[in-house]
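> no letters, just coordinates:
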């Protein structure tokens, strides 16, 4: 079953800014040819043939008007298409970053064994792999530390029973702290 996102705008500030900048760049580069054509018509209009022939000049001006309208419509279609394509592509950037941010919040709350998965056409696939490897390494190290704590607890309990007074009180304090810590990650 495909992993579809329900919202196109995951990070509206980033996505709209990205789409606007991309559209401006496309419009800028796509305006080079119309400017060249407009300059060509200007040059033709000043040619001596058109100065001597008013009918030909009128046809040239009509053609220039028609081409100008065509280029304006083409620019609008290009602008809208570029904006929508950029918005769609930015969704494939913003989605993985959103998932990464949510997983980092989960890690801050102590959830260390959660993996993230991006859709097959999302960008930054290697980021998911790296994040998952990082969480696995942290989880394994933390589990190993808790196993060590669990292995030391019986020894500390025996030591506590064999001591008395201030030493027993100090070992009891350490034992209570380690027992409290050991309940954070139960061993399976």
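Yes, it's here. Owing to the predicted nature of the structure, the values given are computational and were not obtained by experimental measurement.

> outside of stretch 53-71 itself, list whatever touches it.
34, 37, 38, 41, 44, 45, 49, 50, 51 (C-beta atoms under 8 Å, 6 or more residues apart in numbering). For every residue, glycine as well, the C-beta is placed using N, CA and C.

> give me phi/psi at the residue of the chain most remote from its centre?
The centre of the chain is farthest from one residue, residue 52, which by C-alpha atoms, centre = their mean lies 62.0 Å away. Main-chain torsions, residue 52, degrees, to the nearest 10: phi -90, psi -20.

> numbering from 756 from now on, please.
Got it, the first residue is 756 from now on, which makes the last one we talked about residue 807.

> now do the strands in the protein.
Per DSSP state E, the chain has no strands. Nothing in it meets that criterion.

> hang on, the earlier thing: ok, so of the contacts of stretch 808-826, who is nearest residue 857?
residue 789 (45.2 Å; C-beta to C-beta).

> give the contact list for that closest one.
The neighbours of residue 789, taking C-beta under 8 Å, 6+ apart as the test, are 826, 829, 830.

> just the buried ones from these?
The neighbour count (16 or more other C-beta atoms under 10 Å) marks residue 826 as buried among the contacts of residue 789.

> what about the contacts of residue 789, which are in helices?
826, 829, 830 (DSSP state H).

> which of the contacts of stretch 808-826 sits closest to residue 926?
Out of the contacts of stretch 808-826, the member with the shortest distance to residue 926 (by C-beta to C-beta) is residue 789, at 84.5 Å.
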